[in-house]
Each structure stands twice: as C-alpha cells, then as structure tokens.
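Trainee: Provide a 3D model corresponding to the input given below.
(one chain, ligands or ions: 1)
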Amino acid sequence: EEQEEDTLRELRLFLRQVTERLTYDRRFKVFTKPVDTKKFQDYRKVVRWPMDLSTLLTNIDRNRYITVSEFVEDADLIWQNALKYNYLKSGSNIRHRASAFKDTLHAILREDLDEEFERECQDIKRRR
Ligand SMILES: Cc1noc(C)c1-c1cc(NS(=O)(=O)c2ccccc2)cc(C(=O)O)c1
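Mentor: Next comes the predicted model:
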C-alpha cells in the first residue's frame, strides 16, 4: 500500500546514491559499463553473470530491487567477475581495482545503511 511505495521509493533513492558514488570514483571507470565482449572474446565463457554500474542503475529504475541485499548480490558480481576473469592476468592492476571496489562498496553500506530500514524492506518482500 502507500507506506510500502514510500519505503521502496526511499530504497531506490539510497541505491542510486550508492551507485553514483561508485560511478564518480575515477578508479572504477572500467566498472561503469559492460565488459566489451568483442575485445575479450572468452569473457562470457568465464563469467556467467556480467554486471556493471550502468546496468545496476537501469535495474534500480526498473524496480528490480526491493531489498538492499538483492542490490548487493548484483553489485558484488562486479568485483567478483573481475577477480575471476583476471585471475591469471599479470601486468594490469585490475585485481587491485576490484578489491578497492569491494572495500569501497561495503564501507559505504556499513556507514550509510540503516539496518532498521533494510528490515522494513525485507518485511515488504516477505508480504509479497
Ligand atoms: C572490468 C574488466 N573486467 O574484465 C576485464 C577484461 C575488464 C576490463 C575491460 C576493459 N575494456 S572494456 O572495453 O571492456 C571497458 C572500457 C571502459 C569501461 C568498461 C569496459 C579495460 C580494462 C582495464 O583494466 O583497462 C579492464
């Protein structure tokens, strides 16, 4: 009902703010768009669930997330995929950037997420 829509609107605003803070961080430019599968032809053989910050934003706008934890599952794919695909690659610091992305994402959530708010979102999900 109305209160639920207010909560989900507040959730979308919070998730957009988290996504934008990561998108504006220049260290994470390579996480802002899908990996170019023409440049990296074996990418989809290694990575089953590609994810990037622009896709996260599209998912938020399409009401795909009704809890923070559903959003975090997708956001975690960004650094997990980068560590997996670049596991043996030397000469680039993509793994360091993936680790920095993971630490930054979880530090933002620890600082800014109100557990009581996430519990409200989980209740809405249970009722549906
Ligand atoms: C991310 C990622 N995961 O696997 C790989 C491999 C990367 C990755 C991909 C690219 N080039 S890209 O054309 O697919 C692209 C450019 C700009 C934004 C998003 C993607 C460059 C680099 C880099 O380190 O410079 C890394």
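Trainee: Now the helix or strand hosting Leu22: buried residues?
Mentor: Applying DSSP states H and E as the criterion places Leu22 in helix 2-23. The neighbour-count check on helix 2-23 (16 or more other CB atoms under 10 Å) flags 8, 11-12, 14-15, 18-19, 22-23 as buried. Bear in mind the C-beta positions are built from the backbone N, C-alpha and C, glycine included.
Trainee: try stretch 99-114
Mentor: 101-102, 104-105, 108-109.
Trainee: near the ligand, which residues of the protein show up?
Mentor: Listed as neighbours of the ligand in the chain under the rule CB under 6 Å from any ligand atom: 29-33, 35-36, 39-40, 82, 85-86, 92, 94.
Trainee: can those residues go into a markdown table with extra columns for secondary structure, distance to Ser69 and pLDDT?
Mentor: A markdown table is the format used below for the residues of the chain next to the ligand (DSSP: H, G, I helix; E, B strand; the rest coil; distance: CB to CB, whole Å; pLDDT from 0 to 100):
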| residue | secondary structure | distance to Ser69 | pLDDT |
| --- | --- | --- | --- |
| Lys29 | helix | 27 | 98 |
| Val30 | helix | 25 | 98 |
| Phe31 | helix | 20 | 98 |
| Thr32 | coil | 23 | 98 |
| Lys33 | coil | 25 | 98 |
| Val35 | coil | 25 | 98 |
| Asp36 | coil | 30 | 98 |
| Lys39 | coil | 33 | 98 |
| Phe40 | coil | 30 | 97 |
| Ala82 | helix | 21 | 98 |
| Tyr85 | helix | 24 | 97 |
| Asn86 | coil | 26 | 97 |
| Ser92 | coil | 31 | 84 |
| Ile94 | helix | 26 | 97 |
